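Visitor: can't give you the sequence, but here's the structure:
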Ligand code: M6R
């Protein structure tokens, strides 16, 4: 939610900030803005809409030569998308400018205090109060002390970057609950909400922790805590490449990321899946191996697509590792009184590693004494750092707002976890080896499905006029029905419901008529016949059906209007295959409707507010 970037160095700041904003745009695209220190003044430009609008505005205005600046791309929370509500915000004097990612919970209380002290507000945002608070304290304290004092008064979350016309060779940044990285270059620094905006300048980064404040000058940086005590920080190397953050010839990031899945799954399992031993080796869990052996329960906490991968994991772990699993929406978990103890592991699944609800769930679990684990894609993210142990996806940056490659990578790692925990318990060597050797084939099988993209586009064309879809699957493919429905909802704005196919006759079948098609995930598995009965019930009511079926299944054509075939694999591994045509189907429908696939309306890639 919201992307912030700042630059201090010898190069012109505007191109660097705009380039960075484009990389961060997936975090929010309601409006964008920059503030640049240009000689003795600060130039501030804002625009409603995407970063391109701001870029146009900048190209129409006089060239800005300043080499220090901050910028922001907004996902609106307090106040509608408008120029006034766009960041950077400035104080009454216009000298202090600030960008903010997060939410200030006590902003009304602080605003009334500031109003009483004569401050004038231009926006409806919570963020603007911070800059006025700094201005207020700056009457008596120096700039940095004023920032620290303001932070002490704030309740909520923030990633902040602040500049001050009176101290023009400086950027102050601060973090509490919203991600912030400091890229350390040759006599230059780039600060940003995530690595994608930094990688083109440097791969040397400092991950700021909650409660840390950094002061950046042209050739130095200092990190302190909120009490102004100096903290020594480690510089880490980013494991993302510039190439990974580009579209590489694909029309959209989403398509690139769908096509990358054979590789990202391969990366997830490489060196971890030991086919010969029917085992998995997970280095990130080595330190907690003993605790895993004695676990009584795993609770998976996650949101959105990551929640659905958790549901697949539940089927895996209960059936093959013999351990009870609960999967919880992180947003619900944090408000329940979950029954946890030291023999429970709470496993967070998160692509971004910054999802506020998932993070809060992990913190709650820690408080209750549970072991906390993570399956996280973004290296160095908050969830990765706060969990006791975990496994990285290493799937590279996922830029498309709709999650695709992260999902299959998460499912692959859950499969590895199942092998690890299962073999510690009563999974036999023969079973372990069978699963492991079939898993090793999955990347090649996905390559075959991806080649069907053109065929799936042709089917998408046939169904483009429909406004509603029912997605159905059973057992391992029930979570895939949910994920398929989510994909088409979020990028094609088509109403879709995911259901366990056995539930259809308990309600949803009432919706079915010739204008309400269904997508049935119906591989040749242990519930095949039951799915066929469900399809017949739909057909009998005039509903159209697209089936996702196993190659060689000739029977299926009798029951479906269109069929997309996936290769044969073990029943438990079918979700890794059946999800691919559903990602492609949603993608093609959205492209045919000329929608902005990578940046669907109202959404942001990483939901860092509650
Ligand atoms: O970064 P996370 O995996 O924690 O994000 C969770 C959800 O916000 C995310 O999966 C969201 O539902 C995506 N838009 C789904 O495509």
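Guide: All right, it came through fine. Just so it is clear, the model here is predicted, and its values are computed rather than measured. Numbering: from 1, shown residues only.
Visitor: where does the residue in the stretch 401-550 of the chain that the ligand sits nearest to land in three-state SS?
Guide: Going by Cβ to the nearest ligand atom, the ligand is nearest to residue 403 of the stretch 401-550 of the chain, at 3.7 Å. Heads up, the C-betas are built off the backbone N, CA and C, glycines and all. For residue 403, the assignment made with DSSP: H, G, I helix; E, B strand; the rest coil gives coil.
Visitor: what distance do you get for the closest residue to it other than its chain neighbours to the ligand?
Guide: Of all residues not flanking residue 403 in the chain, residue 305 sits nearest, at 4.0 Å (Cβ to Cβ, 6 or more residues apart in numbering). For residue 305, the distance to the ligand equals 3 Å [Cβ to the nearest ligand atom, to the nearest Å].
Visitor: packing partners for the helix or strand containing residue 305?
Guide: Residue 305 belongs to helix 304-316 when assigned by DSSP states H and E. Judged by 3 or more Cβ pairs under 8 Å, 6 or more residues apart in numbering; DSSP states H and E, helix 304-316 is in contact with strand 297-302, strand 325-329, strand 344-350, helix 405-424, helix 478-492.
Visitor: ok, now with 6 Å
Guide: Under the contact definition 3 or more Cβ pairs under 6 Å, 6 or more residues apart in numbering; DSSP states H and E, helix 304-316 sits against strand 325-329, strand 344-350, helix 405-424, helix 478-492.
Visitor: and for the closest residue to residue 463 other than its chain neighbours, the neighbour number?
Guide: Spatial nearest neighbour of residue 463, chain neighbours left out: residue 517 (6.2 Å); criterion: Cβ to Cβ, 6+ apart. Residue neighbour count, defined by other Cβ atoms under 10 Å, stands at 21 for residue 517.
Visitor: contacting residues for residue 517?
Guide: Contact partners of residue 517, counting by Cβ atoms under 6 Å, 6 or more residues apart in numbering, are 466, 469, 544.
Visitor: in JSON lines: these, plus pLDDT, secondary structure and distance to residue 426.
Guide: Formatted as JSON lines, the contacts of residue 517 follow (pLDDT from 0 to 100; DSSP: H, G, I helix; E, B strand; the rest coil; distance: Cβ to Cβ, whole Å):
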{"residue": "466", "pLDDT": "97", "secondary structure": "coil", "distance to residue 426": "47"}
{"residue": "469", "pLDDT": "97", "secondary structure": "strand", "distance to residue 426": "41"}
{"residue": "544", "pLDDT": "96", "secondary structure": "coil", "distance to residue 426": "45"}
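Visitor: next one: the residue of the stretch 401-550 of the chain closest to the ligand relative to residue 300, how far apart?
Guide: 16 Å (Cβ to Cβ, to the nearest Å).
Visitor: same thing with residue 211?
Guide: Using Cβ to Cβ, which is the criterion applied here, residue 211 is 29 Å from residue 300.
Visitor: just residue 342 next, same as before
Guide: Going from residue 342 to residue 300 by Cβ to Cβ gives 18 Å.
Visitor: which one's more surrounded, those two?
Guide: residue 300 (27 against 13).
Visitor: give me every residue that touches the more buried one.
Guide: 310, 327, 347 are the contacts of residue 300 under Cβ under 6 Å, 6+ apart.
Visitor: and for the last one, the neighbour number?
Guide: If I follow you right, that is residue 347. 28.
Visitor: now name the helix or strand holding the spatially closest residue to it that is not a sequence neighbour.
Guide: Distance criterion Cβ to Cβ, 6+ apart; nearest residue to residue 347, sequence neighbours excluded, is residue 373 at 4.5 Å. Using DSSP H and E, residue 373 falls within strand 371-376.
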